[in-house]
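Visitor: Give the three-dimensional model of this entry:
(one chain, ligands or ions: 1)
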Amino acid sequence: MEFTIKTNKREEIVDITKEMEKIVEQEANKKSKACLIYVPHATCAIIINENYDKAVCEDILNFLKKQIPKGIWKHDAIDNNADAHIKASIIGPSQIIPIENKKLQLGKWQDIGLAEFDGPRERKVIVKIM
Ligand code: ZN
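Guide: Numbering: from 1, shown residues only. All right, here's what the predicted structure looks like:
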């Protein structure tokens, strides 16, 4: 199954944990072992980390911004978003989360986020329960 997320800024981490938990509750059965979450996009990614303290997401975005400045790459001549491609490649387009008894096995401080690096855009999220 799939759903869409509208992002509001050029760079942000949108918490999609609630959406994912709802999908797993509805679609998983007792034999389900894992959930694959994937974004079919070149400038966003799926990240698993803390969102309880919002500063963690800001720190991750600021870290990437410092390491990967905007406007100095070859692709910037064509599309001006090379930094977004690099950030999305490093974080990656997918995550696999174990399922036990129809529940995602996220740790207490783990949330699932869609990391937008070239928004605002509408993003598709594909979910496969295995
Ligand atoms: Zn591009």
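Visitor: Against Leu64, how distant is the residue of the chain found nearest the ion?
Guide: Proximity of the chain to the ion (Cβ to the ion) peaks at Asp79, 3.3 Å away. Bear in mind the C-beta positions are built from the backbone N, C-alpha and C, glycine included. Note on Asp79: its distance to Leu64, by Cβ to Cβ, to the nearest Å, is 18 Å.
Visitor: between those two, which one's more packed in?
Guide: Legend: neighbour count by other Cβ atoms under 10 Å for Asp79 and Leu64, higher for Leu64 (19 against 13).
Visitor: What strand or helix carries Val127?
Guide: Following DSSP states H and E, one finds Val127 within strand 122-129.
Visitor: So which residues on the chain come close to the ion?
Guide: Contact residues, the chain versus the ion (Cβ under 5 Å from the ion): Asp79, Asn81.
Visitor: mind listing the helices for the chain?
Guide: All helices of the chain, identified by DSSP state H, fall at 17-27, 55-67, 82-91.
Visitor: who wins for proximity to His75 among the ones you listed?
Guide: The closest of these to His75 is helix 82-91. By Cβ to Cβ, the value is 3.7 Å.
Visitor: Can you mark which positions in the closest one are buried?
Guide: Buried residues in helix 82-91, counting neighbours by 16 or more other Cβ atoms under 10 Å, are found at Ala82, Asp83, Ala84, His85, Ile86, Lys87, Ala88, Ile91.
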